[in-house]
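Chemist: Sequence first, then the predicted structure, then my questions.
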Amino acid sequence: TKTTDASVTKTVSAAGTYYLTVQDTSGNVSETQSVTFYKTTLNANGGSVSTTSKTVTYDSAYGTLRTPTRKGYPFVGWYTAASSGTKVTESTKVQTASNHTLYAHWTPNTYGVTLNTNGGTINSGNVTSYTYGTGATLPTDVTKTGYTFGGWYASADFSDSAVTTVDTTEIGEKTYYAKW
């Protein structure tokens, strides 16, 4: 009796059902199995991802999931719904027996704001941080005995224009200086 161990690798890039037939050297069929592959779409949900879909099989781990990017937002993970849903990781087993979508979830960054009053006092509306996508309005109720408030500036020498808000699309820590 002669036996031969063989392995066949087929790369599947499209969803669908594929059949595997096992035959002996005489052509006798000993087994036929079907494997169904499903398309998982990766929806970056406001960000971008280099590969937007992958092929998976039911009850197998998702495997490598690309990490998307989005300005001002750290990636939280892939989920089964655009908001809320169940988190999916590379080791999560596929539990949907159909084509389906995973959605990126994000949390906006929060950055610090330092307001240098140059000897003045912020009476109301003090700002210590801002969130990307929301921004912040700088306080205007600022006083210093014997002086008139001339606005907030990003440079200590006041060589730029006065600033009244942190724009919704700005990123990074900010320092502003009161001009008197």
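Modeler: Arrived safely.
Chemist: Is the residue nearest the centre of the chain bridged to anything, and to what?
Modeler: Nearest to the geometric centre of the chain sits residue 75, at 2.9 Å (CA atoms, centre = their mean). Judged by DSSP bridges, the bridge partners of residue 75 are residue 106.
Chemist: can you pull the contacts of it?
Modeler: With contacts taken as CB atoms under 8 Å, 6 or more residues apart in numbering, residue 75 has the following neighbours: 47, 67, 68, 69, 104, 105, 106. For glycine as for every other residue, the C-beta is placed from the backbone atoms N, C-alpha and C.
Chemist: Walk me through which strands the lengthiest strand in the chain pairs with, and which way each runs.
Modeler: What stands out as the longest strand in the chain, according to DSSP state E, is strand 29-43. Based on DSSP bridges, the pairing partners of strand 29-43 within the sheet are strand 16-23 (antiparallel), strand 53-57 (antiparallel), strand 100-106 (parallel).
Chemist: how far away is residue 53 from residue 68?
Modeler: Separation of residue 53 from residue 68 (CB to CB, to the nearest Å): 13 Å.
Chemist: what sits in contact with each of these two?
Modeler: Common neighbours of residue 53 and residue 68, using CB under 8 Å, 6+ apart, are residue 42.
Chemist: For those two, indicate the residue with more neighbours.
Modeler: Counted by other CB atoms under 10 Å, residue 53 and residue 68 do not tie: residue 68 has more neighbours, with 21 against 16.
Chemist: quick one, what contacts the closest residue to the more buried one other than its chain neighbours?
Modeler: In this structure, residue 68 finds its nearest non-sequential neighbour in residue 49, 3.9 Å apart by CB to CB, 6 or more residues apart in numbering. By CB under 8 Å, 6+ apart, the residues touching residue 49 are 42, 66, 67, 68, 69, 104.
Chemist: List the contacts of the fifth one.
Modeler: For residue 69, the contacting residues are 47, 48, 49, 75, by CB under 8 Å, 6+ apart.
Chemist: Many thanks, I have nothing further to ask.
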